[in-house]
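Enquirer: Take this sequence and fold it.
(2 chains)
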Amino acid sequence: MKDPGRKITVEDLLRLKRAERPPPEFWARFESEMRAKQLAAIVVKRPWWDGASRLFAAVQRHQLPFAAAAALALAFVGVHFVGGGSTTGRRAPTGAAGPAAVARVPAHQAQVAARADTPREKVGGGALQAAKPEQPVVDSNTSHLAMAPVAAQTESPSRAPFADGIGIPLVDLREAGSDLIKRDVFGSDREFEASVASVRQPVAEPLAQVDPAGARLERLLAPALPAYSSSSVRSLAGDRMKQKASYDRMYESMDRYGTGGMSLEFRF
Amino acid sequence: MNASKAIAKTLVASPERRLEADADLAIVRQVQAGDVAAFDRLIVKYRERVLGIVYNMTSNREDAADLAQDSFIKAFQSIHRFQGQSSFFTWLYRIAINSTLSHLRKNRLRSFSSLESIRDDDPVSREVVDALTDTTGAGREAFVRELQEKLNDAMQKLSIKHRTVVTLFEIDGLSHQEIAEVMGCSVGTVRSRLHYAKQLLQAELQPYMRG
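Expert: Predicted coordinates for the structure are as follows:
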């Protein structure tokens, strides 16, 4: 029944929307679908970022303590690694690192020496055969290359902090250098022994190694004169060749000065 | 006096809502303690309201059912994060509205509307229909159908945020403060959106209005 006196507003019209309801059978279907989705949500494995989101939610819940802890950690890291480099407190750990680096050297060289001793003990000769395994370590430490960084580390207790940074690479250089020296001089580190270094062959004079003229000429002519293989024939051929060479040199010098006829010409 | 009470009711949550929120929190604590079946009580309690919100925002029954179910599943999966700082229904509404907004943004170009039937036992709606038409039978049903379509079209012409405010305030009956909590905006923003949305609806539904 139409009521023309009734005022109709937007709110009244929207009340119609509030009265819209699904039929009762809709809720039965809704509930069954809801149950299936709920079970699927329980069974299905959650993705990895769900745990991350939980962690983030926990962090977000306690923002202030986490922020304070992070600020403290940053301050500690900044003071320890940036601001603490020139303080005296930094020196103690580096001083402790120095002996540790020195202690590394005998251990490494002991391994090298032990490897070098093993074949000699099998052979059964040499002065090092009777020595204990620790003794080659002492011998190798007595070399100036091995002693240099040790002396550098023990010389001044009030050295600058960057000296520690130099000392450790020197130790490494000594280790690497000793290996290189061993390999270059003796072919391999297996042939190394400390006593061999003092019995090294004297270096020959370079001029003494030059062949004499006759021997050199004979060595040069040997492949060219295969028939004259004996030393006497070779010496005879060498004499002839020397004589011929002296003649050739004389004629060549005469041509250079232009000795033709009665005149003497100089050519340049 | 009554007008001031009505205005106050629109601004802040009613005491009944607060009692309801306390009861919900007790159920949520049970679920968090491991009583998963207790969550079914929350579903039964809020399914019609959640479905009504989503339906009035989407104007599609099937989408509304799916989105309402998804909202409950999300709430169930995230129930361990609920700390009780807001009421459960505010939290659940926020999940439902965020899901609906995401759905509407994804399917901006696709819109299929389907209508629910209006219950005859609602006196206000029957009174409004009686005021608008004097027909009975099939003619009345056709008029109501047409009015529903006009209402849906007018709602769909609103922006998503304005539609949400109108739905929460006019259809679901939330206060401005509750809407502000649900939508994550200020009360002033809620009022402004509500005022603007009503102006647009009045322009669209002018043929059906009187007085």
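
Enquirer: In the chain, where is pLDDT below threshold?
Expert: The chain I'm using is chain A. Within chain A, the stretches with pLDDT under 70 are A:1-5, A:45-51, A:53-54, A:57-58, A:61, A:83-204, A:207-211, A:214, A:223-237, A:252-268.

Enquirer: right idea, wrong chain: chain B
Expert: B:1-14, B:109-114, B:211.

Enquirer: Can I get stretch B:87-99 as CSV, trimmed to CA atoms?
Expert: Output of stretch B:87-99 as CSV, limited to C-alpha atoms (Å, rounded to 0.1, in the frame of the first residue of the first chain):
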residue,chain,number,x,y,z
SER,B,87,38.2,-6.1,19.5
PHE,B,88,38.1,-9.3,17.6
PHE,B,89,35.3,-8.2,15.2
THR,B,90,37.3,-5.1,14.3
TRP,B,91,40.3,-7.3,13.5
LEU,B,92,38.2,-9.7,11.6
TYR,B,93,36.5,-6.9,9.7
ARG,B,94,39.8,-5.5,8.8
ILE,B,95,40.9,-8.8,7.3
ALA,B,96,37.7,-9.1,5.4
ILE,B,97,37.8,-5.6,4.0
ASN,B,98,41.5,-5.9,3.1
SER,B,99,40.7,-9.1,1.2
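
Enquirer: can you tell if that stretch touches chain A?
Expert: No: shown here: stretch B:87-99 not in contact with chain A (CB under 8 Å from any CB of the partner chain), separated by at least 13.1 Å. For the C-beta atoms, the positions are set from N, CA and C on the backbone; glycine is no exception.

Enquirer: buried sites along that stretch?
Expert: Neighbour-count burial for stretch B:87-99 flags B:S87, B:F88, B:F89, B:T90, B:W91, B:L92, B:Y93, B:R94, B:I95, B:A96, B:I97, B:S99 (criterion: 16 or more other CB atoms under 10 Å in any protein chain shown).

Enquirer: check which helix or strand covers the fifth one.
Expert: If you go by DSSP states H and E, B:W91 is part of helix B:88-106.

Enquirer: Need the residues that contact that helix.
Expert: Helix B:88-106 is contacted from outside by B:17, B:20-21, B:24-25, B:27-28, B:42, B:46, B:49-50, B:53-54, B:57-58, B:63, B:67-68, B:70-72, B:74-75, B:78, B:82, B:160, B:164, B:168, B:174, B:178, B:181-184, using CB atoms under 8 Å, 6 or more residues apart in numbering or on different chains.

Enquirer: hmm, which of these are the buried ones?
Expert: Using 16+ other CB under 10 Å as the burial test, those include B:17, B:20-21, B:24, B:27-28, B:42, B:46, B:49-50, B:53-54, B:57-58, B:63, B:67-68, B:70-72, B:74-75, B:82, B:164, B:168, B:174, B:178, B:181-183 as buried.

Enquirer: Check those one by one and keep those near chain A.
Expert: Contacts with chain A are made by B:A68, B:D70, B:F72 out of those, judged by CB under 8 Å from any CB.

Enquirer: Out of those, which comes closest to A:A70?
Expert: The nearest member of those to A:A70, counting by CB to CB, is B:D70 at 36.4 Å.

Enquirer: can you tell me the distance between the two ends of stretch B:30-44?
Expert: End-to-end distance for stretch B:30-44, by CA to CA, to the nearest Å: 16 Å.

Enquirer: residues contacting B:V54?
Expert: B:D63, B:A64, B:L67, B:A68, B:S71, B:A96, B:S99, B:T100.

Enquirer: Could you count how many residues lie near A:R21?
Expert: For A:R21, the count of nearby residues is 18 (other CB atoms under 10 Å in any protein chain shown).

Enquirer: Hmm, B:D120 and it touching each other?
Expert: No: counting by CB atoms under 8 Å, A:R21 does not reach B:D120; the two are 10.4 Å apart.

Enquirer: Report the set of residues contacting both of these two.
Expert: Any residue near both A:R21 and B:D120 by CB under 8 Å, 6+ apart counts here, and not one turns up.

Enquirer: Walking through chain B, point out its helices one by one.
Expert: Applying DSSP state H to chain B gives helices spanning B:2-11, B:15-33, B:38-58, B:61-77, B:88-106, B:123-132, B:138-157, B:160-166, B:176-183, B:187-204.

Enquirer: okay if I get the ones you listed as JSON lines plus distance to A:V77?
Expert: What follows is the helices of chain B, written out as JSON lines (distance: least, CB to CB, whole Å):
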{"stretch": "helix B:2-11", "distance to A:V77": "51"}
{"stretch": "helix B:15-33", "distance to A:V77": "38"}
{"stretch": "helix B:38-58", "distance to A:V77": "46"}
{"stretch": "helix B:61-77", "distance to A:V77": "38"}
{"stretch": "helix B:88-106", "distance to A:V77": "39"}
{"stretch": "helix B:123-132", "distance to A:V77": "68"}
{"stretch": "helix B:138-157", "distance to A:V77": "57"}
{"stretch": "helix B:160-166", "distance to A:V77": "46"}
{"stretch": "helix B:176-183", "distance to A:V77": "41"}
{"stretch": "helix B:187-204", "distance to A:V77": "44"}
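
Enquirer: For A:S246, grab the count of nearby residues.
Expert: 9.

Enquirer: for B:L147, same thing?
Expert: For B:L147, using other CB under 10 Å, the count is 19.

Enquirer: Let me see the contact set for it.
Expert: A:L13, A:L16, B:V129, B:L132, B:Y208.

Enquirer: One more pass at 7 Å, please.
Expert: If a contact means CB atoms under 7 Å, 6 or more residues apart in numbering or on different chains, then B:L147 has A:L16, B:Y208 as its contacts.

Enquirer: tell me the phi and psi of A:E20?
Expert: Main-chain dihedrals, A:E20, degrees, to the nearest 10: phi -70, psi 120.

Enquirer: Setting aside sequence neighbours, what's the nearest residue to it?
Expert: Of all residues not flanking A:E20 in the chain, B:E116 sits nearest, at 4.0 Å (CB to CB, 6 or more residues apart in numbering or on different chains).

Enquirer: Ok, B:V166 next?
Expert: B:A197 (4.7 Å).

Enquirer: my guess is that neighbour meets B:K161, correct?
Expert: No: B:A197 lies out of contact with B:K161 (CB atoms under 7 Å); the separation is 8.9 Å.

Enquirer: neighbour-wise, which of those two wins?
Expert: Higher neighbour count among B:A197 and B:K161: B:A197, with 24 against 17, using other CB under 10 Å.

Enquirer: residues in chain B within reach of chain A, list them.
Expert: Selection of chain B residues close to chain A by CB under 7 Å from any CB of the partner chain yields B:43, B:47, B:56, B:61, B:65, B:69, B:72-73, B:76-77, B:81, B:116, B:118-119, B:122, B:124-125, B:128, B:130-134, B:147-148, B:151, B:170-171, B:198, B:201-202, B:205, B:208-211.
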